[in-house]
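Participant: pasting the sequence and the predicted coordinates here, then a few questions.
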Amino acid sequence: MRNFKSGKFINQGYYKSFQPEFVNRIWEIYDMELIQLMSTADRSLGRLDMYSEYVNIDLYIQMHIAKEATQSSKIEGTQTNIEETFLTKQEIKTEDRNDWEEVQNYITAMKEAVEMLHKLPFSSRLIRETHKILLKGVRGEHKMPGEFRTSQNWIGGANINEATFVPPVFNEVPALISDLEKFANNNQIQLPDLVKTAIIHYQFETIHPFLDGNGRVGRLLITLFLVSAGILKRPILYLSDYFERNRMQYYDHLMKARTDHALGQWIKFFLTGVIETSQKGVRTFDDILQLQKSLDFRLKNLGPRVADAHKIIERLYQKPVMNAKEISQITGKTLASTYKLIDELEKRQILKEITGNERDRIFVFEDYIALFRN
């Protein structure tokens with residue numbers, strides 16, 4: 001990015017805060033490697049988005065959101081796995097419920113924020129409303145949910161003197177967020193949307209406008225901006241898995257963009273993530289289609305119960321972890337009849353019991369979950 005200046009460090013007495021430059025301005029790109037990556041990323045993302053026209057995305061989108069929620073929260077230190085996101089609070093061990101609740105809030109925040117885009121532009125209000133949902137009733141609920149900070153925060157280190165990075169002072173936050181909002185909605189800026197998305201994420205993480213939850217909100221904003229800009233018809237691109245697998249590079253690139261003005265390197269890292277994630281998403285959808293064919297073969301010779309089996313499987317794509325009562329409600333059959341069908345689905349390796357209990361047993365659609373876990 002030609003002539004990019006990230007900002008400057010300002011002496012605040014016993015620490016230095018970083019004051020970023022505004023981003024709502026003219027941008028110029030002359031890096032051919034970045035342009036080539038941008039082209040590849042556009043094609044890869046376009047192919048992934050194509051599935052939202054030819055595949056019933058709503059069947060599978062719950063798993064995409066569940067994976068994003070667990071991976072984004074994992075970066076922050078939580079340990080909930082994909083299967084646990086589909087359990088009730090009572091089915092989660094007491095010591096694991098705090099992590100589970102944070103992941104559930106992430107899922108709710110993503111769903112409600114996408115719905116809000118029908119009424120709100122990509123804006124400060126959308127960001128604050130999303131943050132409020134994210135912190136509701138969990139660790140951090142007393143750190144001004146839905147409100148920009150009115151005190152100094154920092155990243156890394158036990159105290160501000162040992163911090164890895166100190167964001168701008170709190171009274172600069174409103175102007176910086178206002179500038180970011182203008183940048184996101186400024187159609188006069190001739191920047192490709194994926195590059196714009198990378199800059200939005202970088203600038204938001206640099207501003208760090210909340211006392212808690214900045215990382216999770218910043219990662220949510222990637223998908224929300226792509227949906228608001230019409231690049232994605234449905235929220236099916238999530239980069240948290242890529243960021244988590246390359247965690248040190250993720251933080252290093254963000255930091256070097258600030259200290260060395262190396263925004264181009266951050267954007268290349270970001271675009272590489274879009275390419276990898278899009279290609280992986282396409283393979284996952286292809287694998288789902290192959291799984292469907294495999295299930296049709298496995299359900300042969302099931303006789304009159306095959307219709308109920310198909311009803312269960314269709315629901316399992318949305319909620320791949322269930323108990324017998326839930327399965328019974330899908331078919332409208334008695335529990336005794338349901339257990340006989342579950343037994344058949346276990347024999348055909350479609351369902352797998354995971355508790356080992358005699359009572360309150362839980363069954364998972366293991367082959368389907370594995371497509372997202374791997």
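Facilitator: Looks like it arrived, so ask away.
Participant: hey, let's count contacts and neighbours off CA atoms from now on
Facilitator: Fine.
Participant: the stretch 1-150 of the chain: strands as residue ranges?
Facilitator: Using DSSP state E, counting those that start in this stretch, the strands of the stretch 1-150 of the chain run over 7-11, 16-20.
Participant: mind putting the ones you listed into CSV with mean neighbour count?
Facilitator: Shown next, in CSV, are the strands of the stretch 1-150 of the chain (neighbours: other C-alpha atoms under 10 Å):
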stretch, mean neighbour count
strand 7-11, 14
strand 16-20, 20
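Participant: make CSV out of those and add mean pLDDT.
Facilitator: Shown next, in CSV, are those (pLDDT from 0 to 100):
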stretch, mean pLDDT
strand 7-11, 96
strand 16-20, 97
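Participant: ok, residues contacting stretch 264-283?
Facilitator: Applying C-alpha atoms under 8 Å, 6 or more residues apart in numbering, the external contacts of stretch 264-283 come out as 1, 34, 37-38, 40-41, 44-45, 47-48, 194-195, 198-199, 237-239, 242-243, 250, 253-254, 257.
Participant: buried ones from the residues you listed, can you make that a ChimeraX selection?
Facilitator: The ChimeraX selection below is limited to those of the contacts of stretch 264-283 classed as buried (16 or more other C-alpha atoms under 10 Å):
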select :1,34,37,38,40,41,44,45,48,194,195,198,199,237,238,239,242,243,250,253,254,257
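Participant: so of the contacts of stretch 264-283, which ones are in helices?
Facilitator: Using DSSP state H, the subset of the contacts of stretch 264-283 located in helices is 34, 37-38, 40-41, 44-45, 47-48, 194-195, 198-199, 242-243, 250, 253-254, 257.
Participant: show me where the stretch 151-300 of the chain dips below the pLDDT cut-off.
Facilitator: Residues of the stretch 151-300 of the chain meeting the criterion pLDDT under 70: none.
Participant: what about the helices in it?
Facilitator: 173-185, 193-207, 214-228, 240-245, 247-259, 263-298 (DSSP state H, counting those that start in this stretch).
Participant: quick one on the thing from earlier: Serialize the strands of the stretch 1-150 of the chain to CSV and add fields for distance to residue 324.
Facilitator: Converted to CSV, the strands of the stretch 1-150 of the chain look like this (distance: least, C-alpha to C-alpha, whole Å):
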stretch, distance to residue 324
strand 7-11, 58
strand 16-20, 55
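Participant: which one of those lies closest to residue 85?
Facilitator: With C-alpha to C-alpha, the closest approach to residue 85 among these belongs to strand 16-20: 37.2 Å.
Participant: report the angle between that closest one and helix 247-259.
Facilitator: Strand 16-20 and helix 247-259 are oriented at 80 degrees to each other (axes from the mean of the first three to the mean of the last three C-alpha atoms, to 10 degrees).
Participant: just want the angle from strand 16-20 to helix 193-207.
Facilitator: Interaxial angle of strand 16-20 relative to helix 193-207 (the same axes, to 10 degrees): 150 degrees.
Participant: partners of strand 16-20, with directions?
Facilitator: With DSSP bridges as the test, strand 16-20 is paired with strand 7-11 (antiparallel).
Participant: picking up where we left off before, residue 221: which of the strands of the stretch 1-150 of the chain is closest?
Facilitator: Residue 221 sits nearest to strand 16-20 of all the strands of the stretch 1-150 of the chain, at 19.0 Å, using C-alpha to C-alpha.
Participant: ok, the residue most central in space within the chain to residue 217 distance?
Facilitator: Geometric centre of the chain, nearest residue: residue 68, 3.6 Å, by C-alpha atoms, centre = their mean. When distance is defined by C-alpha to C-alpha, to the nearest Å, residue 68 is 12 Å away from residue 217.
Participant: ditto for residue 195
Facilitator: With distances taken as C-alpha to C-alpha, residue 195 is found 19 Å from residue 217.
Participant: could you measure residue 324 against residue 369, distance?
Facilitator: Separation of residue 324 from residue 369 (C-alpha to C-alpha): 19 Å.
Participant: burial count for the closest residue in space to residue 164 that isn't next to it in sequence?
Facilitator: Setting aside the residues directly before and after it, residue 164 is nearest to residue 156 in space (C-alpha to C-alpha, 6 or more residues apart in numbering), at 5.0 Å. Residues within reach of residue 156, counting by other C-alpha atoms under 10 Å, total 11.
Participant: just the CA atoms of stretch 352-360, as PDB, please.
Facilitator: The C-alpha trace of stretch 352-360 is given here as PDB (Å, rounded to 0.1, in the frame of the first residue of the first chain):
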ATOM      1  CA  LYS A 352     -23.100 -42.700  17.400                       C
ATOM      2  CA  GLU A 353     -23.800 -42.600  21.100                       C
ATOM      3  CA  ILE A 354     -21.300 -40.500  23.000                       C
ATOM      4  CA  THR A 355     -22.200 -40.600  26.700                       C
ATOM      5  CA  GLY A 356     -21.900 -44.300  27.500                       C
ATOM      6  CA  ASN A 357     -24.900 -43.900  29.800                       C
ATOM      7  CA  GLU A 358     -27.900 -46.100  30.200                       C
ATOM      8  CA  ARG A 359     -30.200 -43.100  30.500                       C
ATOM      9  CA  ASP A 360     -30.100 -39.600  29.000                       C
END
